[in-house]
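> I'd like to go over a predicted model; first the sequence, then the structure.
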Amino acid sequence: MQDLILADLNLVTLLPVCALIVGALLILCIDIFNNDISKRFYTIISVLFILLSLGFLIGLEPNQKGFFDVMLVDGIGVLSQIIILVASILFIALALNSQEFNEHRFAEFFALFLFMIAGFVFMVSSENLILIFLGLETGSLALYTIIAMHSRQKAIEAAIKYFCMGALAAGFFAFGAMILYALTGSVDISVIHERLIEKNFEPMYAVLGGIAFILGTLAFKLSLIPFHTWAPDVYEGSSAPLAGYMSVVPKIATFVVVLRFFEVLISSGLTWLHDMLYLLVIVTITLANLMALAQTDVKRMLGFSSISHAGFVLAAVLIASIGEDVVSYQAKTAIFFYWVFFMFTNLGAFSMLWIARNKENLWDERFQHPFVKFSGMVKVAPFAAVIMALFMLSLAGIPPFSVFWGKIYIMSLAINAEYVGLAIIMAINNAIAAYYYLKLIIYMFLKEPIEKDGSIYIINSSGPLVFIVGIAAIFTIFAFVLIEPLLRLIQYYL
């Protein structure tokens, strides 16, 4: 019997996750002994432990494994964790708002938030399907509860919808993993790939079934069409910042799993899988944009637009999987390059909706943020209107704002990789998307105001919220200055 040597476990690879879990448990313990502590204290504790996790992450040596080789520290995992942790700091800082919102009154909210981040960090730090599943469900279950803690009827309804659909997706993942384990005798992605190649992907019907179930789960988490039906309703029922957070963090974690799982399979000659992903990209980008055109509520429009943006990044995943080293490297760079710029702009746009949130539905029986609400906003709240317009122009891919550089990078990459048809489809869809983003700008700048009191558009403004929006605006406006440093950072890790 071989002795277990602690040093061989390389437990330092667990430090980023352990910091988050310890922070969550500490918050729960403090609340047990004293539940009268200001929730601002818990916000600061959460930020400190997220920063601690980020510090441990940056201090790790890249390209190593740990804890029985199930933890993986590679460039893709590190970059995605940086995005997750930075976005989490920007989101949780909103709890410092002077106005106490229902979810911020509970210590459990902050503990669940740290558990959720730990789950997503687990997802991107492993090639083991069991650990990916544990991370996926840990993050998802915490997220369902956080949505419901907003304590509005729509929020509870959104949490239930998300939970029911998520439970179905979890079943798909477990069933797909079971099939692949039966075929290969392993739950490690790299080993599964090797053994499927050795067997020449036979029996094909079983391989097709296992991969299809896994793909269905990941497509649900990315809200790819036709697995998107939960997304607009959940975004509508959630608080605006949480909707923005959901459009960024769970998706980058899922993109990493998609990249790890499908890159080798497609490059091994599974043309049907390549064609399936190609179809998903086209359908997601196109139908999401067409459905966004029909929306009368800004939050739902942003929900559909985030689906379209996920389609853009999935195109980069597809290109990364064609097997050529240089193209694959550039495509992986494009994934993170696009998502960093999208993160700041999208969080900024949703935060602006939070600033303008009213407890009463003053303009529509159902929606809090109909387009008509923002009519003539520039005349009564000019600064807020200009900032919101900047975010819309960026999301529309208008130069020189941030998301434009991400879109042009991916479309140029598609042309270089001889996906000219895909690049044309993306360009056409970008023109379609510009219509519904500019629609909000038209309401804000070219229509007569329906509200004479501009304070209604900044009713929830506070120091932390304005600071977060300011950071997002700076990254959006001055993105052209950040292109080279960001590319160097991404390429350093990749």
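Looks like it arrived, so ask away. This structure is a prediction, so every number in the text was calculated from the model and none was measured. Residues are numbered from 1 along each chain as shown.
> I figured Tyr493 hits Leu79, correct?
Yes - counting by C-beta atoms under 8 Å, Leu79 is a contact partner of Tyr493 at 5.1 Å. (Glycine included, C-beta is placed from N, CA and C.)
> who's more crowded, the two?
Leu79 (24 against 18; other C-beta atoms under 10 Å).
> which residues touch that one?
Leu79 makes contacts with Phe336, Ile490, Tyr493, Leu494, as judged by C-beta atoms under 8 Å, 6 or more residues apart in numbering.
> from those, pick the one nearest Ile252.
Nearest to Ile252 among the contacts of Leu79 is Phe336, at 8.3 Å by C-beta to C-beta.
> helix/strand/coil for the closest one?
Under DSSP: H, G, I helix; E, B strand; the rest coil, Phe336 falls in the helix class.
> next up, phi/psi of Lys452, please.
Dihedral angles of Lys452 (phi, psi; degrees, to the nearest 10) stand at phi -90, psi -20.
> tally of neighbours for it?
Per other C-beta under 10 Å, the neighbour tally for Lys452 reads 9.
> that one against Val380, yeah?
Yes - taking C-beta under 8 Å as the definition, Lys452 is a contact partner of Val380 at 6.5 Å.
> chain center to the one helix or strand Ala288 maps to, what's the gap?
Per DSSP states H and E, Ala288 falls inside helix 271-293. Mean C-alpha position of helix 271-293 versus that of the full chain (C-alpha atoms, centre = their mean, to the nearest Å) differs by 18 Å.
> need the CA coordinates for whichever helix or strand comes after it. CSV is fine.
Sequence-wise, the next helix or strand downstream of helix 271-293 (DSSP H and E) is helix 298-320. Output of helix 298-320 as CSV, limited to C-alpha atoms (Å, rounded to 0.1, in the frame of the first residue of the first chain):
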residue,chain,number,x,y,z
VAL,A,298,-35.6,47.6,-21.2
LYS,A,299,-34.6,44.9,-18.8
ARG,A,300,-36.0,42.1,-20.9
MET,A,301,-34.4,43.7,-23.9
LEU,A,302,-31.0,43.5,-22.2
GLY,A,303,-31.8,39.9,-21.2
PHE,A,304,-32.3,38.9,-24.8
SER,A,305,-29.3,40.9,-25.9
SER,A,306,-27.1,39.0,-23.4
ILE,A,307,-28.2,35.8,-25.1
SER,A,308,-27.0,37.2,-28.4
HIS,A,309,-23.7,38.2,-26.8
ALA,A,310,-23.3,34.7,-25.5
GLY,A,311,-23.7,33.5,-29.1
PHE,A,312,-20.9,35.8,-30.2
VAL,A,313,-18.5,34.2,-27.6
LEU,A,314,-19.7,30.7,-28.5
ALA,A,315,-18.5,31.5,-32.1
ALA,A,316,-15.0,32.0,-30.6
VAL,A,317,-15.3,28.7,-28.8
LEU,A,318,-16.3,27.0,-32.1
ILE,A,319,-13.3,28.6,-33.9
ALA,A,320,-11.0,27.5,-31.0
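> quick one, helix 298-320 and helix 271-293 angle?
Helix 298-320 and helix 271-293 are oriented at 160 degrees to each other (axes from the mean of the first three to the mean of the last three C-alpha atoms, to 10 degrees).
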